[in-house]
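> any chance you could fold what I've pasted below:
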Amino acid sequence: MVIKAKNLQDAEELLHSGINKVELAYDIGSDDFFRLATRWCDRGARITKGNQHFVVQIKGMSIPPNR
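Residues are numbered from 1 along each chain as shown. Sure thing, here's the model as predicted:
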């Protein structure tokens, strides 16, 4: 299931909340795109071009064991 974000702040909040597939359903500027890509691709996200908008997808996040 893809959740749509209407701005950068909305996208950030959805990704931080654990949603693993967010569509950037707005006209994102290049500065915001690269800021988002830098932050989330370092964490394992992948950004692809959907039918109309970019989609940020995070593969399952691994939780390290408590030792």
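> any regions of this structure where pLDDT drops low?
Low-confidence segments of the chain, defined by pLDDT under 70: 60-67.
> one more time with 90
The chain contains residues with pLDDT under 90 at 1-2, 18, 42-43, 50-51, 59-67.
> give me the most central residue, the chain.
Among the residues of the chain, the one closest to the centroid is V56, at 3.7 Å (C-alpha atoms, centre = their mean).
> skipping its backbone neighbours, what lies nearest that one in space?
What sits nearest to V56 in space, not counting adjacent residues and going by C-beta to C-beta, 6 or more residues apart in numbering, is V22, at 4.9 Å. To be clear about C-beta, it is placed using only N, CA and C from the backbone, and glycine gets the same treatment.
> name whatever forms a beta bridge with that neighbour.
I3, V56 (DSSP bridges).
> count the neighbours of it for me.
Neighbour count of V22, defined by other C-beta atoms under 10 Å: 27.
> export stretch 43-56 as CSV, just CAs?
The C-alpha coordinates for stretch 43-56 follow below in CSV (Å, rounded to 0.1, in the frame of the first residue of the first chain):
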residue,chain,number,x,y,z
ARG,A,43,19.2,4.4,5.6
GLY,A,44,18.5,1.9,2.9
ALA,A,45,15.6,3.6,1.0
ARG,A,46,15.1,3.4,-2.7
ILE,A,47,13.5,6.2,-4.8
THR,A,48,11.8,5.3,-8.0
LYS,A,49,9.7,7.2,-10.5
GLY,A,50,6.1,6.1,-10.4
ASN,A,51,3.4,6.9,-12.9
GLN,A,52,3.3,10.6,-12.0
HIS,A,53,5.4,11.1,-8.9
PHE,A,54,8.5,9.7,-7.1
VAL,A,55,8.0,6.9,-4.6
VAL,A,56,10.3,6.4,-1.6
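> quick one: contacts for the residue nearest to the centre of the chain?
Contact analysis of V56 by C-beta atoms under 8 Å, 6 or more residues apart in numbering lists 11, 15, 21-24, 36, 40, 45-47.
> buried ones among the residues you listed?
Buried members of these, counted by 16 or more other C-beta atoms under 10 Å: 11, 15, 22-24, 36, 40, 45.
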